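[1] Turn this into a model:
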Amino acid sequence: MRLLTRLSSTTLTILLLAAHVTSQQPRLRPPSSDFNIEIINLEGPFVAPVPGAGGRSGLVARHGLRRISAWKPSGEVPVEPSALRVSFWLEENAVRVEVTAYFGPIESGSLRTAEWEASKTAKVALRLVREDETVTISEIERFGIEPFMIRVLRAAPWNGTAETVNKTQALTVTSVAEERPDITVAVRNVSQKHIDCISWYSMENGRRSGGSGSAARLIPAGGVFEIRQRFDLSKTASSRVVVIAAIVFEDGSFEGEPDDAAQMAADLTGLRTQISKTIQIFKNFSTSSPHDSRTVFSRLKREIGALEEEPEPSVVNELVTRFATASEDMRNRRIKEILQNSLQAVNRKSRRQVWDFERQLEHSGGSDLGKWVSETIKELESMLGSNHNGN
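    As a prediction, the model looks like this:
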């Protein structure tokens with residue numbers, strides 16, 4: 001049985017490149033507490049459920065920070081922060097809030113990347129906020145950012161069971177379970193074909209959010225898959241619906257909403273195409289002599305940097321033909337755009353790997369190029385889902 005948590009509706013690329021979700025059981029989030037947290041005047045409106053006992057959550061603010069134009073560096077804070085992280089968790093029937101400033105150049109949005117981990121940090125504030133209490137984080141002024149407020153409120157009661165809408169024939173719903181604020185829908189593949197991709201979404205008070213999953217044989221014939229959909233507890237919902245939107249089979253055929261299926265197929269096609277090319281480049285260098293590692297590495301770096309980011313017309317045309325029932329916008333524009341985004345995502349990942357190893361070479365001078373190439377090949381192959389396809 002596989003389980004994927006709900007993801008923001010971006011693309012499957014994030015699934016495969018960021019967390020290897022396709023081959024590992026993800027860490028499950030604990031149920032939410034009875035509290036919501038509201039963060040006011042930091043970037044934009046933000047309301048979220050506070051995790052239950054043992055859980056942590058948070059917000060990373062980067063681009064929309066309200067900076068103080070007259071701020072000047074000091075000996076204590078010589079540069080302005082690149083980002084703020086507001087973490088919160090349940091403590092003593094209240095909410096503990098921690099604000100941390102990050103310094104230095106940060107390109108990636110993930111706090112798990114090497115550049116985030118290497119960043120210098122400073123603790124800004126640590127507060128315990130009780131129900132119906134509002135606190136002002138004025139300490140942030142010395143970092144050149146206008147004060148913002150944090151409020152803790154009682155969450156709206158959970159009202160009613162979510163409806164499930166299944167737009168596929170190959171999947172049948174076997175169970176629906178609720179654990180505030182999540183609804184878990186278990187589905188079984190009753191067809192004779194393996195499923196590589198699945199897309200779902202929720203409708204709550206007219207607002208759509210959703211997720212998707214992809215791997216070679218993600219849901220084998222006869223296999224069971226669990227969709228975990230998180231709902232918003234900041235408002236009372238008149239209705240909650242989980243929609244199983246589309247699936248793409250191993251042979252490329254699909255069921256469900258054509259646009260959802262086309263998006264998954266285009267994304268996975270671009271992903272697999274570029275990862276395969278990247279693996280081949282690394283394999284070409286896997287048997288190189290270790291005596292001239294810097295020269296070999298420079299050649300590898302050039303080849304990775306030269307990878308094409310424009311999708312081949314024949315690939316675009318094949319997908320357009322296969323998904324002839326998709327919307328005109330999907331066929332005329334988005335398929336090519338999604339393919340291109342996937343190619344670029346793989347390239348960014350590969351160039352980041354090369355850049356990280358280059359830093360190792362600069363600092364140690366004795367890094368094992370052959371070992372790094374071998375490990376990188378294994379990581380890329382796991383992204384392809386080769387451990388599931390029986391090859």
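
[2] Which parts of the stretch 201-350 of the chain are strands?
    Assigned by DSSP state E, counting those that start in this stretch, the strands in the stretch 201-350 of the chain fall at 207-219, 224-230, 240-249, 254-256.

[3] Which other helices and strands does the last one contact?
    On a contact count with 3 or more Cβ pairs under 8 Å, 6 or more residues apart in numbering; DSSP states H and E, strand 254-256 meets strand 240-249, helix 258-285. Yep, even glycine has a C-beta here, placed from its N, CA and C like the rest.

[4] ok, 10 Å please
    Judged by 3 or more Cβ pairs under 10 Å, 6 or more residues apart in numbering; DSSP states H and E, strand 254-256 is in contact with strand 195-204, strand 240-249, helix 258-285.

[5] still on that earlier bit, of the strands of the stretch 201-350 of the chain, which approaches residue 45 most closely?
    strand 207-219 (13.4 Å; Cβ to Cβ).

[6] Roughly how far does the closest residue in space to residue 34 that isn't next to it in sequence sit from residue 311?
    Distances taken as Cβ to Cβ, 6 or more residues apart in numbering put residue 155 closest to residue 34, at 5.4 Å, once the chain neighbours are dropped. Distance, residue 155 to residue 311, using Cβ to Cβ, to the nearest Å: 45 Å.

[7] between those two, which one's more packed in?
    Each of residue 155 and residue 311 has its neighbours counted (other Cβ atoms under 10 Å); residue 311 has more, 23 against 20.

[8] Would you confirm that that one contacts residue 319?
    Yes. At 9.2 Å, residue 311 counts as touching residue 319 under the criterion of Cβ atoms under 10 Å.

[9] got any residues that touch both of those two?
    Both residue 311 and residue 319 are in contact with 266, 269-270, 335-336, 338-339, where contact means Cβ atoms under 10 Å, 6 or more residues apart in numbering.

[10] Give the buried subset of those as a PyMOL selection command.
    Command for PyMOL that selects the buried part of those, burial taken from 16 or more other Cβ atoms under 10 Å:
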select buried, resi 266+269+270+335+336+338+339
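
[11] could you pull out the strands for the stretch 51-200 of the chain?
    56-61, 83-91, 94-103, 120-129, 134-137, 148-154, 163-166, 171-179, 182-189, 195-204.

[12] so can I have TSV of those strands showing distance to residue 283 and mean pLDDT?
    Shown next, in TSV, are these (distance: least, Cβ to Cβ, whole Å; pLDDT from 0 to 100):
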stretch	distance to residue 283	mean pLDDT
strand 56-61	37	90
strand 83-91	37	94
strand 94-103	37	94
strand 120-129	38	94
strand 134-137	51	97
strand 148-154	50	94
strand 163-166	42	92
strand 171-179	37	89
strand 182-189	34	90
strand 195-204	24	89
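
[13] Format the ones you listed as CSV; extra columns: mean neighbour count and distance to residue 38.
    Output for the strands of the stretch 51-200 of the chain, formatted as CSV (neighbours: other Cβ atoms under 10 Å; distance: least, Cβ to Cβ, whole Å):
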stretch, mean neighbour count, distance to residue 38
strand 56-61, 17, 11
strand 83-91, 19, 11
strand 94-103, 20, 11
strand 120-129, 15, 10
strand 134-137, 16, 9
strand 148-154, 18, 4
strand 163-166, 15, 28
strand 171-179, 15, 23
strand 182-189, 20, 21
strand 195-204, 24, 18
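
[14] Could I get the ones you listed in CSV, plus columns for distance to residue 280?
    Shown next, in CSV, are the strands of the stretch 51-200 of the chain (distance: least, Cβ to Cβ, whole Å):
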stretch, distance to residue 280
strand 56-61, 36
strand 83-91, 37
strand 94-103, 37
strand 120-129, 39
strand 134-137, 51
strand 148-154, 49
strand 163-166, 40
strand 171-179, 35
strand 182-189, 32
strand 195-204, 22
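
[15] mind putting the strands of the stretch 201-350 of the chain in CSV, mean pLDDT included?
    As requested, the strands of the stretch 201-350 of the chain are exported to CSV (pLDDT from 0 to 100):
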stretch, mean pLDDT
strand 207-219, 73
strand 224-230, 88
strand 240-249, 92
strand 254-256, 97
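
[16] Tell me the helices and strands packed up against the longest helix anywhere in the chain.
    The single longest helix within the chain, with elements called by DSSP state H, is helix 335-364. For helix 335-364, the packing partners by 3+ Cβ pairs under 10 Å, 6+ apart come out as helix 12-18, helix 114-118, helix 258-285, helix 293-305, helix 313-322, helix 369-383.

[17] what about 7 Å?
    helix 12-18, helix 258-285, helix 293-305, helix 313-322 (3 or more Cβ pairs under 7 Å, 6 or more residues apart in numbering; DSSP states H and E).

[18] out of those, nearest to residue 380?
    helix 258-285 (4.9 Å).

[19] and that closest one, which residues are buried?
    So helix 258-285, judged by 16+ other Cβ under 10 Å, has buried residues 258-275, 277-279, 281-282, 285.
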